[in-house]
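Trainee: quick one: sequence plus predicted model below, questions after.
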Amino acid sequence: MTTDETTTTDETTTTRRPEPGEPIRARSLPVTREDLRRYADASGDHNPIHLSDEAARELGLPGVVAHGMLTAALAIGVVAEWAGGADRVVATSIRFAGPVVVPADAPALLEVAGTVRKVADDGSTADVALTVTCGGAKVFGKAIVTVALDDPDRAI
């Protein structure tokens, strides 16, 4: 790190310039069936595999699964929070590896961890590699979130 300042007491956001290998704070994010219903209404994606166990099982899934874009947005949000806001996210690259199965009676827990993979030579951006799992199974095969960094003489 090039500075020692932080902007929040809970250490979810940093003002320090990151270095490769630096972890971001891991988060456990609950996803409920109600979240899926609200997302379906907001997005217009009412695919029954996100709302009906029967429909999901008919397609060979173990039960209702979360929308991929909802899952991605939640994971990207962890990086955005760390970087100082959603406006810092400049690019994403995500490959899905498995579904997030959401039980009817309890939330699924999306486990999100990340590590700074690289910082641009000019210090303008950082790539954060995400590891996202649910119930011990990989959700993303590859996930990189690129965030804008401030001028190296200013905190991020």
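Mentor: Perfect, thanks for sending it.
Trainee: low-confidence regions, this structure specifically.
Mentor: The model of the chain has pLDDT under 70 over residues 1-16, 151-156.
Trainee: could you rerun that using 50?
Mentor: Along the chain, segments meeting pLDDT under 50 span 1-12, 151-156.
Trainee: and the helices in it?
Mentor: With DSSP state H as the criterion, the chain has helices at 33-43, 53-58, 68-83.
Trainee: would you turn those helices into CSV with distance to Arg25 and mean neighbour count?
Mentor: Where C-beta positions appear, they are placed from N, C-alpha and C, glycine not excepted. Putting those into CSV (distance: least, C-beta to C-beta, whole Å; neighbours: other C-beta atoms under 10 Å) gives the following:
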stretch, distance to Arg25, mean neighbour count
helix 33-43, 22, 15
helix 53-58, 32, 14
helix 68-83, 7, 20
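Trainee: Val101 is nearest to which of those helices?
Mentor: helix 53-58 (8.4 Å; C-beta to C-beta).
Trainee: residues making contact with that closest one?
Mentor: Pro48, Ile49, Pro62, Gly63, Val64, Val65, Ala104 (C-beta atoms under 8 Å, 6 or more residues apart in numbering).
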